[in-house]
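Student: When you get a sec, could you give me coordinates for this:
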Amino acid sequence: LVNANLSPAYGGGLSNESGGAVTLAASMVADNTSAVGGGVYNTGAGSRLRLINGSLVQNNRASINGGGISNDGSLNLTDAVVRGNGAGVSGGGILNHGTLTMIRSVARDNRTDAGSGGGIASLGALTLTDSVVRGNTGYNGGGILNAARARPTYGGVEISHGPLVAGSGDLLARMADVIG
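Tutor: You can find the predicted model right below:
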């Protein structure tokens, strides 16, 4: 349990940087606060973060981006949940600038105050398999904002909306094709 921590800059609960490798199994990161990566901040060449076996990232807050998780490395969620997180600008649940893979995982009830990607804001590689994105709120891309040049890959995915904000939608894809 990583709970109720504060960082004025990055990674309120956990910061993994510069090629580090972290695996959280059946763990919880909750009620943490920072400017970027309210719950978890994963950045740097070769940095790898895995959340597996029922791990939960919930009720974290970032004043700028990545309420639950901010990723600029490799992020893998397998049988994990990201819920109830918030960000001031983008990526209420997850902000992805690296590689994000979600397998049998859930992003739900996350929000941005004035920005994009209530559930997920992805500007990197995005693969979702047998996962659910539901009940998220954002100005653009309430569920998912994909603004990457890479094509996102979706298979067996449910995307449904929560309360809509002007201009919001379940999936807003820019410069990419949705396949799957």
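Student: ok, now how distant is residue 31 from residue 59?
Tutor: According to C-beta to C-beta, to the nearest Å, residue 31 stands 5 Å off from residue 59. The way it works is simple: take the backbone N, C-alpha and C, and place the C-beta from them, glycine included.
Student: Looking at these two now, which is surrounded by more residues?
Tutor: The residue with the greater number of neighbours, taking residue 31 and residue 59 and applying other C-beta atoms under 10 Å, is residue 59; the counts read 22 against 19.
Student: thought the more buried one was touching residue 81?
Tutor: No: using C-beta atoms under 8 Å, residue 59 makes no contact with residue 81, being 11.7 Å away.
Student: overlap in contacts of those two?
Tutor: Both residue 59 and residue 81 lack any common contacting residue under the criterion C-beta atoms under 8 Å, 6 or more residues apart in numbering.
Student: what's the neighbour count on the residue nearest to residue 46 when sequence neighbours are not counted?
Tutor: With C-beta to C-beta, 6 or more residues apart in numbering as the criterion, residue 46 has its nearest non-adjacent residue at 3.8 Å, and that residue is residue 19. For residue 19, the tally of surrounding residues (other C-beta under 10 Å) stands at 11.
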